[in-house]
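Student: all I have is the shape, not the residue letters:
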């Protein structure tokens, strides 16, 4: 993995990494690492991490960059599908949740790479009052 991925995957204990009260399970760290056969850019590591954490929380990937994704087995679910890395630096992920009716997207995650910044926007579309949640990450 890249230096960014290696830093994320490096654990102070054998079982979990703790950063600002966020625990990353061994399963999630293994999934993040396995998404990268080739060196990854820092923004790709962030996106793979967000994906793995969402799947670990019960979300199921149903679209990538507006293209529907077929359901995967639980062992494949933490993996992003082939072709998710795009040269345009604009990413879009749609997620369903096991508690919602099948086929309905309940969470949209958009990411835009601009210079050394990654802008992340997420919206729970199935919410009664959908709200946009955004954050800006400096990748330098």
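Tutor: Done, it's in. Predicted, not measured: the structure shown is a model, and the values here were computed from it.

Student: Three-state assignment for residue 85, please.
Tutor: Residue 85 falls in the coil class when you classify it by DSSP: H, G, I helix; E, B strand; the rest coil.

Student: show me what contacts residue 63?
Tutor: Contact partners of residue 63, counting by C-beta atoms under 8 Å, 6 or more residues apart in numbering, are 69, 92-94, 105. Every C-beta, even on glycine, is put in place using the N, C-alpha and C of the backbone.

Student: meant to ask about residue 68, not that
Tutor: residue 62.

Student: beta partners of it?
Tutor: Judged by DSSP bridges, the bridge partners of residue 68 are residue 63.

Student: pLDDT at it, what is it?
Tutor: As predicted, residue 68 sits at a pLDDT of 87.

Student: check the gap between it and residue 50 for me.
Tutor: Here the criterion is C-beta to C-beta, to the nearest Å. By it, residue 68 lies 20 Å from residue 50.

Student: surely residue 66 meets residue 92?
Tutor: Yes: the pair residue 66 and residue 92 passes the contact test of C-beta atoms under 8 Å, sitting 6.0 Å apart.

Student: neighbour count: these two, which is higher?
Tutor: Set residue 66 next to residue 92 and count neighbours by other C-beta atoms under 10 Å: residue 92 wins out with 16 against 7.
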